[in-house]
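> 3D model of this:
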Amino acid sequence: FYGVDTPDKKQLIAANKSVEEIRQFIGADSLGYLSIEGMLSIKGLPKMGFCTACFGTKYPVLIEDEAMKYKME
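Residues are numbered from 1 along each chain as shown. Got it, this is the predicted structure:
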């Protein structure tokens, strides 16, 4: 995963639990997420050149599965 030293999705709480399960796990009163579009529409943020790789699977460079496998081992 881009910029995160986590080799397996099983280690990412949001990949395996619902918003409600995460809310309970962290002991929050409420929990919600902005959509990528919602975040990018915030007034004052630049409209171009915003990397969203951390929020999805659209990376600005090609990430090959095999290359990632060996890098993480």
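
> give me the mean pLDDT for stretch 60-73.
Averaging pLDDT along stretch 60-73 gives 60.

> actually stretch 35-47, sorry about that
Here the average pLDDT along stretch 35-47 is 79.

> residues in contact with that stretch: which ones?
Applying C-beta atoms under 8 Å, 6 or more residues apart in numbering, the contact partners of stretch 35-47 are F50, T52, F55, G56. In short, each C-beta sits where N, CA and C put it, glycine included.

> same deal with stretch 16-26?
Here stretch 16-26 makes contact (C-beta under 8 Å, 6+ apart) with K9, K10, I13, A14, S30, L31, G32, Y33.

> which one of the residues you listed has the most neighbours?
In terms of neighbour count, L31 stands highest of those at 13 neighbours, by other C-beta atoms under 10 Å.

> in the contacts of stretch 16-26, find the pair that's most separated.
Longest distance between any two of the contacts of stretch 16-26 is 26.2 Å, between K10 and S30; criterion C-beta to C-beta.

> look up how far I36 lies from the residue nearest the centre of the chain.
Nearest to the mean C-alpha position of the chain, by C-alpha atoms, centre = their mean, lies F55 at 3.3 Å. Remark: distance between F55 and I36 (C-beta to C-beta, to the nearest Å) = 5 Å.

> same deal with K9?
19 Å.

> format the contacts of stretch 35-47 as TSV; extra columns: secondary structure and distance to E21.
Listed next are these as TSV, based on DSSP: H, G, I helix; E, B strand; the rest coil; distance: C-beta to C-beta, whole Å:
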residue	secondary structure	distance to E21
F50	coil	29
T52	coil	24
F55	helix	20
G56	coil	21
